[in-house]
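**Student:** Model the following, please.
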Amino acid sequence: MSYVCQQCKEPLQLDASLVDLTPSAYDMIVASLPSVPASRGRYVTDSEAEKVAQLPSPSASKAAWQQATTSENLRASPPLSTRAQGKQPQRNFPAPNESFVLLQESMIRSIPSPVPGAAMPKKAALGNQKNVPAKNTSPLPAHQQPEPDHSNPTPISHHLRSTMRLFNVLSTRSDIDHPLCAECTQILLSSLQRQLDETKKERDGYIAFEKEVRKERERESLDLSRQDAEKKIERLKYDERAAIEQLRLADREREQLDEELKLLEAEEKALEEEEAEFWRSHNEHLLVLAEQASRLASLRAAYAADYATLEKLERTNVYNDAFCIGHDGVFGTINGLRLGRVPGVPVEWPEINAAWGQTLLLLYTIARKLDYTFENYRLIPMGSFSRIERTVGDKATYELYGSGDLHLGRLLHNRRFDFAMVAFLECLKQLIDFVKSQDPTVEFPHQISKDKIGEASVKLQFSQEEAWTRALRHVLLALKIVLKWTTNGGNG
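**Tutor:** Residues are numbered from 1 along each chain as shown. You can find the predicted model right below:
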């Protein structure tokens, strides 16, 4: 069973004191309530009689219960005077412990157990029936067998019904429907307190008025002379004139206040217009601010994108793209050009010359980036016809390119080509020594000694092509290490 507040219709949760309400507490609450009209009491009595009539009990027991109740009421409540009856608390609802009725054993057997779910086992019930005397255990006829009461209240439902009956009593004995929630009860108490204060003020006014009336009667009871009456009349006229003058002053003050009120209303209207104009200006400024904030956000986004692009470009190594060093089988390559020759794989001399031109250009570019000047030599990068010039001694110029033509001058040309490659190797050794002086942690896999790098010579005239190709591959590897150190900022 759920309860709702009769004012705000919100669901309620009853206090434990109401759920476990004892009969004595119930009697105390009902006795403290005001009396109910006679018609309402008769209605309750009639409803109780109807409930008794609906009970599944024999008519003889019902008549005995009604007779016992009537006789007990007559004995318990003798006739009192009207004044005494007004002081006695009226009880229209019979309390659970107000009366009792002796029942026959046949009636007891027809009443089900009040404890739900805790009924006695079937064997125990049979045992109890065996203990009953035989004269009281005669079976009833089929038409007189009592029907089982499926609506037998449990202890919890009994307490809930008692609580509901208490709420009905409170509602019928007062002008307020019960139950109420805590908030509605607080509001009701505040309203009743306010009514009590107003009633007290009204009572004090009546008391003061009663005192004045008594004083007036006392004065009237005295025999006043004519002269005293005229003095009183003059005094009352003077009071009247003073009251009229005060009324005129109050009228003039009211007119002044009306004028001030009009001025204040006009000032208030002007302030309202000024406030409206201020808010319009404020909204315009907010719109401008939002637009500027949006523009600032877009500029910041563009700046972030441009800054990311700048960082990407700064990290880009153009030297790796301009001088791509790799290998193709046994050949070292630079920008896809093979450098060297081996039997069975004919590499044309224009490709070799172009590869030497790219190699010399790479060495020249690294030296410029490191601001390094070679000793005794000057590099002249000219593509497939690059040269190296001595800056001391005879200042000879050596061609860093070869030829496959079969003529008498080929031997002399190959000799100058070998001098050019040895000079290139000397310049590379100077640059490697400079890098090691700047960063001792840099390591090169092959050492350079005169015309050899590692164990292979860069000279072509008296060497095998495989050894020459291996030496050129070592040269490209050393250049790649120097280029990596240069482009990674290792030079500071």
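**Student:** ok, residue 22 to residue 16 distance?
**Tutor:** 13 Å (CB to CB, to the nearest Å). The way it works is simple: take the backbone N, C-alpha and C, and place the C-beta from them, glycine included.
**Student:** Compare those two (neighbour count), which wins?
**Tutor:** residue 22 (13 against 7; other CB atoms under 10 Å).
**Student:** Check what pLDDT the more buried one gets.
**Tutor:** Per-residue confidence (pLDDT) for residue 22: 76.
**Student:** Over to the one 3 residues further on?
**Tutor:** On the pLDDT scale, residue 25 is placed at 77.
**Student:** helix, strand or coil for it?
**Tutor:** helix (DSSP: H, G, I helix; E, B strand; the rest coil).
**Student:** Near it, how many other residues are there?
**Tutor:** So residue 25, with other CB under 10 Å, has 13 neighbours.
**Student:** what do you get for residue 419?
**Tutor:** Neighbours around residue 419, by other CB under 10 Å: 19.
**Student:** From residue 176, how far out is it?
**Tutor:** For residue 419, the distance to residue 176 - CB to CB - is 125 Å.
**Student:** got it, and residue 163?
**Tutor:** Residue 163 is 17 Å from residue 176, by CB to CB.
**Student:** Give me the more crowded residue out of the two.
**Tutor:** The neighbour comparison of residue 163 against residue 176 (other CB under 10 Å) goes to residue 163, with 20 against 14.
**Student:** is it true that the more buried one touches residue 20?
**Tutor:** No. Counting by CB atoms under 8 Å, residue 20 is not a contact partner of residue 163; they are 9.9 Å apart.
**Student:** For residue 414, which non-adjacent residue is spatially closest?
**Tutor:** Counting by CB to CB, 6 or more residues apart in numbering, residue 414 lies nearest to residue 461, which is 5.2 Å off, once chain neighbours are set aside.
**Student:** Where does that neighbour sit: helix, strand or coil?
**Tutor:** coil.
**Student:** And it, what's its pLDDT?
**Tutor:** For residue 461, pLDDT reads 70.
**Student:** I'd like to know how many residues surround it.
**Tutor:** 11.
**Student:** Residue 272 now?
**Tutor:** 10.
**Student:** pLDDT at it, what is it?
**Tutor:** Model confidence at residue 272 (pLDDT) stands at 96.
**Student:** Repeat that for residue 314.
**Tutor:** For residue 314, pLDDT reads 80.
**Student:** Kindly report the same for residue 282.
**Tutor:** 96.
**Student:** What's the separation between it and residue 269?
**Tutor:** 20 Å.
**Student:** One more: residue 167?
**Tutor:** Taken as CB to CB, the span from residue 167 to residue 269 is 57 Å.
**Student:** of these two, who's got more company?
**Tutor:** Per other CB under 10 Å, whichever of residue 167 and residue 269 has more neighbours is residue 167, with 18 against 10.
**Student:** which is the next helix or strand following the host helix or strand of that one?
**Tutor:** Assigned by DSSP states H and E, residue 167 falls within helix 155-173. Scanning forward in sequence from helix 155-173 by DSSP H and E, the next helix or strand is helix 182-221.
**Student:** Whichever helix or strand comes after that next one vs helix 182-221, what angle?
**Tutor:** Counting by DSSP H and E, the next helix or strand C-terminal to helix 182-221 is helix 226-315. For helix 226-315 against helix 182-221, the angle by axes from the mean of the first three to the mean of the last three CA atoms, to 10 degrees is 160 degrees.
**Student:** how far out from the middle of the chain is helix 226-315?
**Tutor:** Helix 226-315 sits 38 Å away from the centroid of its parent chain (CA atoms, centre = their mean, to the nearest Å).
**Student:** what distance separates the following helix or strand past it from the centre of its chain?
**Tutor:** Later in the chain than helix 226-315, the nearest helix or strand by DSSP H and E is helix 318-322. A distance of 54 Å separates the centroid of the chain from that of helix 318-322, by CA atoms, centre = their mean.
**Student:** Pass me the low-pLDDT residue ranges in this protein, would you?
**Tutor:** In the predicted model of the chain, residues 1, 19, 35-62, 64-65, 67-159, 221-225, 404-413, 462-463, 489-492 satisfy pLDDT under 70.
**Student:** Residue 177: how many residues sit nearby?
**Tutor:** Residue 177 has 14 nearby residues by other CB under 10 Å.
**Student:** nope, residue 166 is what I was after
**Tutor:** 20.
**Student:** quick one on the thing from earlier: is it true that the residue nearest to residue 414 touches residue 419?
**Tutor:** No. Contact criterion CB under 8 Å: residue 461 and residue 419 do not qualify, at 10.2 Å.
**Student:** residue ranges of the strands in the stretch 351-492 of the chain, please?
**Tutor:** Using DSSP state E, counting those that start in this stretch, the strands of the stretch 351-492 of the chain run over 377-380, 387-390, 397-399, 448-449, 452-453, 456-457.
**Student:** Next, format those strands as JSON lines and append distance to residue 34 and mean neighbour count.
**Tutor:** Formatted as JSON lines, the strands of the stretch 351-492 of the chain follow (distance: least, CB to CB, whole Å; neighbours: other CB atoms under 10 Å):
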{"stretch": "strand 377-380", "distance to residue 34": "124", "mean neighbour count": "18"}
{"stretch": "strand 387-390", "distance to residue 34": "129", "mean neighbour count": "18"}
{"stretch": "strand 397-399", "distance to residue 34": "134", "mean neighbour count": "18"}
{"stretch": "strand 448-449", "distance to residue 34": "123", "mean neighbour count": "16"}
{"stretch": "strand 452-453", "distance to residue 34": "123", "mean neighbour count": "22"}
{"stretch": "strand 456-457", "distance to residue 34": "126", "mean neighbour count": "22"}
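**Student:** right, so of those, which gets closest to residue 370?
**Tutor:** Closest of the strands of the stretch 351-492 of the chain to residue 370 is strand 377-380, at 13.5 Å (criterion: CB to CB).
**Student:** ok now that closest one, how far from the chain's centre?
**Tutor:** 74 Å.
**Student:** which residues sit against that strand?
**Tutor:** The contact list for strand 377-380 (CB atoms under 8 Å, 6 or more residues apart in numbering) reads 360, 363-364, 367, 386-391, 397, 423, 426-427.
**Student:** quick one, what contacts residue 400?
**Tutor:** Per CB under 8 Å, 6+ apart, neighbours of residue 400: 356-357, 360, 386-388, 417, 420-421, 424.
**Student:** quick one: which of those has the most company?
**Tutor:** residue 356 (28 neighbours).
**Student:** tally of neighbours for residue 212?
**Tutor:** Per other CB under 10 Å, the neighbour tally for residue 212 reads 10.
**Student:** Report the contact partners of it.
**Tutor:** Per CB under 8 Å, 6+ apart, neighbours of residue 212: none.
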